[in-house]
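This is a predicted model, with the sequence first.
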Amino acid sequence: MEEINSLLQGFAVALTPYNLVLMLVGIVLGVIIGVLPGLGGANGVAILLPLTFSMSPTSAIIMLSCIYWGALFGGAITSILFNIPGEPWSVATTFDGHPMAQKGRADEALTAAFTSSFVGALVAVLLITFLAPLVARFALKFGPAEFFAVYFLTFASFIGMGKGSPFKVIASMCLGFALGAVGLDKVTGTLRMTFGHEELLNGFDFLIAVIGLFGIGEILSSMESGLKFSGSHATIRFDAVLRTWKTLLTYWATSIRSCIIGCWMGITPGGATPASFMSYGLAKKFSKNGHNFGKGEIEGVIAPETAAHAAGTSALLPMLTLGIPGSPTAAVLLGGLMIWGLQPGPLLFVEQKEFVWGLIASMYLGNVVGLIVVLTCVPLFSAILRVPFSIIAPVILVICAIGAFTVHNSMFDVWLMLGFGVMGYVFQKLDYPLPPLVLAIVLGDKAEEGFRQALLGSQGSLTIFWSNPLVASIMGLGAILLFWPLLSWIKERKAVPAMQAHGVVGGAGNSQDQIGRLAQLRQRNAELKQKLAAAMIEHDGLQATTIDQLEADNRTLEARLERYEMEIANSRKDRGN
């Protein structure tokens, strides 16, 4: 009851006209920051921090926190529309958000992303309001071993829950670890793989890698299709918000699971980026439509967005209660508190009660204002896809180059971005997954640091990772996920002889899956042919690019059909032998 009374006092502070205007301004600035790749919430808050020096601490923290909420919302916009993550935690949103946009469902994807973000943040704020003391005590139990266990669990979840080849996932992840190891060793201070280049002393920046791998790689893939740049179809449906909300209600279990993952990763603190990846992997594993993930499944947007915002918001809890920032943006806000003469910690709730509860109240109001602002603009964001890509592509290139340059104010980073773009294009051509590579680049050095610090503390004994129930349970779950593909393969090998004996299947453990995929592709092929014929007959003046695109899609599907038919023929041949 005391928390409720304090929260009501906080609303009285936050609901003044001056603070409401600051909320709106902060949200708009945050959305712009989130849209621009390379800037990021932490950098945006840091850049705008001097603007708040003339304000009262309460008004200043309200504006800065709303910039943070806006950046959380804005990161999904370019991820969905152009396959360019505006923020690191928006990478997982591209996997299904961009395919939805390509199918003319950009408004649905954006609505799902914004609404899921709001839900995740709301749950995290409720957690901050009522469970602050309990959660703060739990966070004190985390040391280097526990941090490494969390990262290990994140890596293992990608290997164990991926639908593709686990060997390709491991290969992609190992390359990411190698790239993440470049630069100055944080433990010994020695240089690793810099090859005499001073620009590599700090290693490869994650944002530069992401901008190149996803943004430039996407443009190169589009160029390969014959430079047929045409604006993607994005129907402006003003009822999309209400219709999508009805759809989201059916995914309540995914939302709850993602909220739990996000809050846990934000408080511990694991961070919003691993939370989004882990939530996406779990959603893909448990969803009845898991085989459609990566092709435009709305559940693949709900899971990472909910988890990322729950983690990003709950990361403020350890900052306020312990003075330990749970994210880079929280670290910037921590610096702002100290500049204003406030010391985060348990005493902050006693000595600066008005400030703390005003901030918590602004979290509720800021997210409501942010949701209204971005949902109002869903048709506008969707309409951007009507612009021909021949116009959008140069704009994207310029934005990517500016974003890469502003990270360290260096042209070397621009060339690195182009190099990563070529790498992303090659990965797509060879059918190697990009998410494990990106994940390893961003978390590889942190995992290594936690691993080595834990070993230093235990004098080289690996038993440190099983020394208490908390770290042992996390490591145990990670080990199960790591070896899950092997266990599944052994199970299938044992099941095939029994199925052959009963006449269920004749051999080749994956033939049933291949036949199912072949049937789906044939059905899709027939649908495309019908659409193509109707487009040709209906209107002779139809744009050639539309027909060309359908023909190109048809040729791609036919090639895939031929490949699967060859695989099944080989399987039957092996069965006969």
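It's in. Everything quoted here is computed from the prediction, not taken from an experiment. Numbering: from 1, shown residues only.

Flag the shaky bits of the stretch 51-200 of the chain, pLDDT-wise.
For the stretch 51-200 of the chain, applying pLDDT under 70 flags the ranges 86-88, 132-141, 161-164.

That one: helices as residue ranges?
57-82, 91-102, 106-139, 144-161, 166-180 (DSSP state H, counting those that start in this stretch).

Take these and write them to a markdown table, including distance to A393 and mean neighbour count.
In short, each C-beta sits where N, CA and C put it, glycine included. Listed next are the helices of the stretch 51-200 of the chain as a markdown table, based on distance: least, Cβ to Cβ, whole Å; neighbours: other Cβ atoms under 10 Å:
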| stretch | distance to A393 | mean neighbour count |
| --- | --- | --- |
| helix 57-82 | 9 | 28 |
| helix 91-102 | 15 | 26 |
| helix 106-139 | 17 | 23 |
| helix 144-161 | 31 | 23 |
| helix 166-180 | 26 | 18 |
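
What separation do you get for I62 and G266?
20 Å (Cβ to Cβ, to the nearest Å).

that older thread, now render the helices of the stretch 51-200 of the chain as JSON lines, adding distance to W245.
Compiled in JSON lines, the helices of the stretch 51-200 of the chain are given as follows (distance: least, Cβ to Cβ, whole Å):
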{"stretch": "helix 57-82", "distance to W245": "16"}
{"stretch": "helix 91-102", "distance to W245": "16"}
{"stretch": "helix 106-139", "distance to W245": "7"}
{"stretch": "helix 144-161", "distance to W245": "28"}
{"stretch": "helix 166-180", "distance to W245": "35"}
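
Compare these and give me the one nearest I402.
helix 57-82 (13.2 Å; Cβ to Cβ).

on contacts alone, who are the packing partners of the closest one?
Applying 3 or more Cβ pairs under 8 Å, 6 or more residues apart in numbering; DSSP states H and E, one finds that helix 57-82 contacts helix 17-35, helix 40-48, helix 91-102, helix 106-139, helix 299-314, helix 328-339, helix 353-376.

Now E449: closest residue in space, sequence neighbours ignored.
Spatially, and ignoring its direct neighbours in sequence, E449 is nearest to K186 (5.7 Å; Cβ to Cβ, 6 or more residues apart in numbering).

Give me the number of neighbouring residues for that neighbour.
Residues near K186, counting by other Cβ atoms under 10 Å, number 12.

before we move on, back to that, so which of the helices and strands packed on helix 57-82 gets nearest L443?
helix 91-102 (11.9 Å).

outside of that closest one, which residues touch it?
Residues from elsewhere that reach helix 91-102, judged by Cβ atoms under 8 Å, 6 or more residues apart in numbering: 75-76, 79-85, 106, 108-109, 113, 210, 214, 232, 234, 273, 276-277, 279-280, 293-301, 303-305, 308, 385, 435, 438.

Buried ones among these?
75-76, 79-85, 106, 108-109, 113, 210, 214, 232, 234, 273, 276-277, 279-280, 293-294, 296-301, 303-305, 308, 385, 435, 438 (16 or more other Cβ atoms under 10 Å).

follow-up on the earlier one: right, and the residue nearest to E449 touches F451 too?
No - between K186 and F451 no contact is recorded; they are 11.9 Å apart, counting by Cβ atoms under 8 Å.

re the thing from before, ramachandran angles for the residue nearest to E449?
K186 adopts backbone torsions of phi -70, psi -20, taken as degrees, to the nearest 10.

From here on, call the first residue 614.
Sure, I'll start numbering at 614, so the last one becomes K799.

roughly how far apart are it and G1063?
For K799, the distance to G1063 (Cβ to Cβ) stands at 11 Å.

Equivalent analysis for V1084, please.
Between V1084 and G1063 the distance is 11 Å, computed by Cβ to Cβ.

same thing with L930?
Per Cβ to Cβ, L930 is found 21 Å from G1063.

what about those two, which has more around it?
When neighbours are counted by other Cβ under 10 Å, L930 and G1063 differ, and L930 comes out ahead with 26 against 22.

Tell me the pLDDT of the more buried one.
Looking at L930, its pLDDT is 77.

Isn't it up against I741?
Yes - in this structure, L930 is within contact of I741 by Cβ under 8 Å, at 5.0 Å.

any idea which helix or strand of this structure has the worst average confidence?
Across the helices and strands of the chain, the lowest-confidence element by mean pLDDT, DSSP states H and E is helix 1124-1151, at a mean of 57.

Okay, S672 and W953: tell me how far apart.
In terms of Cβ to Cβ, S672 sits 11 Å off from W953.

Please apply the same query to F624.
Noted for F624: a distance of 21 Å to W953, by Cβ to Cβ.

Not counting its neighbours along the chain, what's nearest G925?
Spatial nearest neighbour of G925, excluding adjacent residues (Cβ to Cβ, 6+ apart): A885 at 4.4 Å.

cool, and M636?
Spatial nearest neighbour of M636, chain neighbours left out: C679 (4.8 Å); criterion: Cβ to Cβ, 6+ apart.
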